[in-house]
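Peer 1: Here is my input, please return the structure:
(one chain, ligands or ions: 1)
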Amino acid sequence: MIDLSVEYAGLRLKTPIIAASSGITETVELMKNLEQHGIGAIVMKSLFEEEICRQAPTPRYKVLRHDMGGKYRTFSFYSYEQASVWGPDRYAQEVKKAVNELSIPIIPSINCITDDGWKRYAALMQQAGAPALELNVSCPHGSIVFRGGTDVASEIIRVTELVLNEIDIPVIVKLSPQLTAPLQIAKAVEDAGAKGVVMFNRLTGLDIDIDVESPILHGGYAGHGGPWAIYYALRWISEAYPQLHVDISASGGAVTADDVVKYILAGAKTVQVCTAIMLKGSGVIDEMNNGLAAWMNKKGYNAVDQFRGKVSNGAIKGTKDVDRRHYKKAHILDKCTSCGICAPLCIFDAIDSSTEPYRIVQDICDGCGLCAEVCPISAVEMREV
Ligand SMILES: Cc1cc2nc3c(=O)[nH]c(=O)nc-3n(C[C@H](O)[C@H](O)[C@H](O)COP(=O)(O)O)c2cc1C
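Peer 2: So this is what the prediction gives:
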């Protein structure tokens, strides 16, 4: 019997997969749909104190497709969707309704610009019955992130303390990937009394329309993320896990069940999903739950705690531990079609393209592995010498 349940920031979740704060978590109706698809908890769309942010421009989403030719394709999900459309009282009503009508934990999210706002909104969320509160101190369009430098760190810690003095429910702090020292800040919010950290929100970016020579979409900076964002978060979570006592919630680029597994192996307690639900629909939650259970079954795990953090700091080689022997070289198999992709890329000039199939000049091959990576038909093998 596979048990996907986890305890996150004092809350019991039936699966580690959480719907991340965004438009898909704004209303009770939308939240019910996510619950039906098996989500473990929901972080509601952020309530902003800055009123202008409650009105989003149209259009506000863009899928930026990148194509370097052939199989090198990726995309960035680029958006300018800031706050919930509601003010604090209406938002609190929705929190109350969601808490009453759904059986999974509902976590409101707030983003304020004044001390009074942080305190008032936090208290309001607690009164509305929220079982925990996420502090969005990391919005890519938000006031704190734009301060820059060490001010960002001190403001995050100050705001966390401010809120913790005001309420008793667990507080989770959502960090920005734009911090210079994410781990130190995570430790500081832990010391302040937070029960969880989210690593991470999205980056602030810019794309330019070269025909009209101006920013695309709404004409300003935007949040951007995508499947590629997972690697940065994995790196920091793996380092943070052995050093933090608070729970880590992963956010960024989780689009498949394999991504969920990776995040838990790195040390995440929960995995937040936004872009995948927005671009693939809520069915992706069922796929993630089923895929996670199938992977655990294959590996012989029956609880998520059994493999959390297995690929965290201790399992990651440092500069002195990496095996630097050149013990592998490339070998081209008979199925090579001499397509011409690999030879011009070899900076060692180790690929003899005068023959069919091509041939690796073993004395010159450095064993870097690039030719094996770019071969479209896997006709290059790395073999021990
Ligand atoms: C359209 C959109 C709106 C978002 N709105 C919020 C928000 O209101 N508050 C917040 O904390 N994060 C917000 N985020 C960030 C997501 O919660 C999440 O942290 C981020 O998108 C990374 O996860 P993903 O790769 O699964 O999308 C938003 C993201 C997107 C794409």
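Peer 1: Based on its surroundings, how many neighbours for Leu234?
Peer 2: Neighbour count of Leu234, defined by other CB atoms under 10 Å: 23. Every C-beta, even on glycine, is put in place using the N, C-alpha and C of the backbone.
Peer 1: residue contacts, it?
Peer 2: Shown in contact with Leu234 (CB atoms under 8 Å, 6 or more residues apart in numbering): Ala250, Lys262, Tyr263, Ala266.
Peer 1: Tell me which helix or strand it sits in.
Peer 2: Element membership of Leu234 [criterion: DSSP states H and E] is helix 230-240.
Peer 1: Restricting to C-alpha, output that helix in PDB.
Peer 2: Extracted C-alpha coordinates of helix 230-240, given in PDB (Å, rounded to 0.1, in the frame of the first residue of the first chain):
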ATOM      1  CA  ILE A 230      13.700  23.200 -11.900                       C
ATOM      2  CA  TYR A 231      17.400  22.900 -12.000                       C
ATOM      3  CA  TYR A 232      18.100  26.100 -10.000                       C
ATOM      4  CA  ALA A 233      15.600  25.100  -7.300                       C
ATOM      5  CA  LEU A 234      16.800  21.500  -7.100                       C
ATOM      6  CA  ARG A 235      20.300  22.800  -6.500                       C
ATOM      7  CA  TRP A 236      19.400  25.000  -3.600                       C
ATOM      8  CA  ILE A 237      16.900  22.600  -2.000                       C
ATOM      9  CA  SER A 238      19.500  19.800  -2.000                       C
ATOM     10  CA  GLU A 239      21.900  22.100  -0.200                       C
ATOM     11  CA  ALA A 240      19.300  23.500   2.200                       C
END
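Peer 1: Flag every buried residue along it.
Peer 2: By 16 or more other CB atoms under 10 Å, the buried positions in helix 230-240 come out as Ile230, Tyr232, Ala233, Leu234, Trp236, Ile237, Ser238, Glu239, Ala240.
Peer 1: Quick one: residues contacting the closest residue to the third one other than its chain neighbours.
Peer 2: Counting by CB to CB, 6 or more residues apart in numbering, Ala233 lies nearest to Gly252, which is 4.2 Å off, once chain neighbours are set aside. Contact criterion CB under 8 Å, 6+ apart gives Pro177, Met199, Phe200, Arg202, Gly225, Ala229, Ile230, Tyr232, Ala233 as the residues in contact with Gly252.
Peer 1: Serialize the residues you listed to JSON lines and add fields for pLDDT and distance to Tyr80.
Peer 2: Converted to JSON lines, the contacts of Gly252 look like this (pLDDT from 0 to 100; distance: CB to CB, whole Å):
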{"residue": "Pro177", "pLDDT": "94", "distance to Tyr80": "18"}
{"residue": "Met199", "pLDDT": "98", "distance to Tyr80": "23"}
{"residue": "Phe200", "pLDDT": "98", "distance to Tyr80": "19"}
{"residue": "Arg202", "pLDDT": "96", "distance to Tyr80": "11"}
{"residue": "Gly225", "pLDDT": "97", "distance to Tyr80": "13"}
{"residue": "Ala229", "pLDDT": "97", "distance to Tyr80": "17"}
{"residue": "Ile230", "pLDDT": "98", "distance to Tyr80": "23"}
{"residue": "Tyr232", "pLDDT": "98", "distance to Tyr80": "22"}
{"residue": "Ala233", "pLDDT": "98", "distance to Tyr80": "22"}
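Peer 1: which SS state does Pro57 fall under?
Peer 2: Assigned state for Pro57: coil (three-state reduction, DSSP: H, G, I helix; E, B strand; the rest coil).
Peer 1: Go through the buried residues of helix 230-240 and name the one nearest Met288.
Peer 2: Using CB to CB, Ile230 is the member of the buried residues of helix 230-240 that lies nearest Met288, at 13.4 Å.
Peer 1: so that closest one makes contact with Val261?
Peer 2: No. Contact criterion CB atoms under 8 Å: Ile230 and Val261 do not qualify, at 11.5 Å.
Peer 1: Buried subset of the contacts of Leu234, written for PyMOL?
Peer 2: Selecting only the buried entries of the contacts of Leu234 in PyMOL, with 16+ other CB under 10 Å as the criterion:
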select buried, resi 250+262+263+266
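Peer 1: What about the contacts of Leu234, which are in helices?
Peer 2: Of the positions in the contacts of Leu234, Lys262, Tyr263, Ala266 sit in helices, assigned by DSSP state H.
Peer 1: And Lys14, how far from Ala41?
Peer 2: Distance of Lys14 to Ala41, given as CB to CB, to the nearest Å: 9 Å.
Peer 1: Which of the two has more residues huddled nearby?
Peer 2: Ala41 (28 against 17).
Peer 1: next one: phi and psi at the more buried one?
Peer 2: Main-chain torsions, Ala41, degrees, to the nearest 10: phi -160, psi 170.
Peer 1: close enough to count as contact, it and Leu102?
Peer 2: No. Contact between Ala41 and Leu102 fails when scored by CB under 8 Å: they sit 9.7 Å apart.
Peer 1: quick one: the helix holding Leu234 near the ligand?
Peer 2: No. On the criterion CB under 6 Å from any ligand atom, helix 230-240 is out of touch with the ligand, staying 7.6 Å away.
Peer 1: quick revisit: out of the contacts of Leu234, what pair is the most spread apart?
Peer 2: Ala250 and Lys262 (8.8 Å).
Peer 1: Please name the nearest non-neighbouring residue to the residue in the stretch 101-250 of the chain that the ligand sits nearest to.
Peer 2: Closest approach between the stretch 101-250 of the chain and the ligand, counting by CB to the nearest ligand atom: Asn136, at 3.8 Å. Once flanking residues are discounted, Asn136 sits nearest to Asn111: 4.1 Å by CB to CB, 6+ apart.
Peer 1: got a list of what the one you found touches?
Peer 2: Going by CB under 8 Å, 6+ apart, Asn111 touches Ser46, Leu47, Phe48, Glu49, Glu50, Ala83, Leu135, Asn136, Val137, Cys139, Gly142.
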